[in-house]
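Asker: sequence unknown, structure follows:
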């Protein structure tokens, strides 16, 4: 059973990475990528914080390599994905806490970390340390809202608990038989 859930986790992680790369250009402007936040939250709830961190890192690297996205693809994803999973677990499975983790991790921490990288390493002029905060927060609110309604619908149908059970993740709801 342990081996089967490990294989299922790798398959789910691969699908989340592929989906994240494909849907990330939807609604995207520089500094705002709502669909990446959707993937971060869904991955954090289904697989946990460390898989969400791995998923966000790999999506960011692929987007940078093949789509020419600046390092905002990494700084705007990794902190939120991790914090989303951590807050989801600490709150014993409250979906709103996963969304709040994404908003704080990406909208505030990731946005502030992006400033020195873009200003001093990439030489982008005219930035302040809060330059990316409004864009990142708007992106996380849009993606977080979509993720919240998506995961709530999964929860109401019993699919969320069934998926978490199949993946060997911690289950906070009663799975359907």
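Answerer: Everything's here; your move. Note that the structure is predicted; figures quoted are calculated from it, not measured.
Asker: hey, where'd the strands end up in this protein?
Answerer: Taking DSSP state E as the criterion, the chain contains no strands.
Asker: now it, which segments are flagged as low pLDDT?
Answerer: 1-2, 30-31, 174-177 (pLDDT under 70).
Asker: What segments of it are helices?
Answerer: Counting by DSSP state H, residue ranges of the helices within the chain are 2-23, 34-47, 49-67, 72-75, 78-90, 95-102, 111-116, 133-157, 159-166.
Asker: Just want the angle from the third one to helix 78-90.
Answerer: Right, the one you point to is helix 49-67. With axes from the mean of the first three to the mean of the last three Cα atoms, to 10 degrees defining the directions, helix 49-67 sits at 160 degrees from helix 78-90.
Asker: can you redo the helices of the chain as TSV with mean neighbour count and distance to residue 123?
Answerer: Using the backbone N, CA and C atoms, a C-beta is placed for each residue, glycine as well. Formatted as TSV, the helices of the chain follow (neighbours: other Cβ atoms under 10 Å; distance: least, Cβ to Cβ, whole Å):
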stretch	mean neighbour count	distance to residue 123
helix 2-23	15	27
helix 34-47	27	25
helix 49-67	20	17
helix 72-75	23	15
helix 78-90	25	23
helix 95-102	24	29
helix 111-116	20	12
helix 133-157	19	19
helix 159-166	18	44
